[in-house]
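1. build me a model:
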Amino acid sequence: MLRRLEVHVHKAADATFQAATPTVRGRLAQKDFSTKTIVSPTSQEGLYWVNKDNYPTGLLSLEGELSDYDVRLENVKAGEFVVLEKPLPGEVYATDQIALTGLAEGDYLEVEMTGDNAGQLKKSAAASQFKYRGTKIDNGHTLGRVEIL
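-> Prediction:
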């Protein structure tokens with residue numbers, strides 16, 4: 001899940017890239033311009049929030065009101081188009097794609113680059129562009145608040 005808590009309005013979002021592998025909303029990824037896909041991060045630079053249009057289509061639209069947390073809206077399939085949002089200094093986001101265990105408000109965060117958690121945020125020993133700002137409860141779900149420095 002990705003929530004925009006304090007963001008710049010009218011910011012351009014890139015919806016021209018597809019997911020190379022399955023992922024979820026709220027993770028961070030990098031662009032692979034040669035394949036026009038998003039990939040797991042290989043560094044702490046050039047990162048974009050992964051999001052997607054949240055409009056139920058087909059049979060899903062017949063179910064009535066759906067939670068934003070429905071896995072069919074959260075999960076991104078390989079080959080599916082995503083909406084990429086560049087985090088800018090001064091913005092604050094909330095995401096469930098963060099390892100909250102052991103975090104204290106003010107800790108720096110870095111993006112995980114390997115394994116099943118690639119693209120998730122975790123505690124960093126070094127200063128970075130991401131700072132942990134506590135939690136936010138959203139519809140019964142605990143999200144980590146992330147300030148962009």
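2. how about the strands in this structure?
-> Applying DSSP state E to the chain gives strands spanning 2-6, 18-19, 23-24, 28-32, 37-39, 48-51, 75-76, 83-85, 92-95, 108-111, 121-123, 130-138, 141-148.
3. for G58, which of the ones you listed is the nearest?
-> strand 75-76 (15.6 Å; C-beta to C-beta). The way it works is simple: take the backbone N, C-alpha and C, and place the C-beta from them, glycine included.
4. who's in contact with that closest one?
-> Residues from elsewhere that reach strand 75-76, judged by C-beta atoms under 8 Å, 6 or more residues apart in numbering: A19, P22, T23, V24, R25, V50, K52, V82.
5. least trustworthy helix or strand in this structure by mean pLDDT?
-> When the helices and strands of the chain are scored by mean pLDDT, DSSP states H and E, helix 71-74 comes last with a mean of 87.
6. can you mark which positions in that one are buried?
-> For helix 71-74, the neighbour count (16 or more other C-beta atoms under 10 Å) marks L73, E74 as buried.
7. TSV for the strands of the chain, including mean pLDDT, distance to G58 and mean neighbour count?
-> Shown next, in TSV, are the strands of the chain (pLDDT from 0 to 100; distance: least, C-beta to C-beta, whole Å; neighbours: other C-beta atoms under 10 Å):
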stretch	mean pLDDT	distance to G58	mean neighbour count
strand 2-6	96	23	16
strand 18-19	98	19	18
strand 23-24	96	21	22
strand 28-32	98	26	21
strand 37-39	98	24	20
strand 48-51	98	20	22
strand 75-76	95	16	18
strand 83-85	97	20	20
strand 92-95	98	27	22
strand 108-111	98	33	20
strand 121-123	98	33	20
strand 130-138	97	27	17
strand 141-148	98	26	19
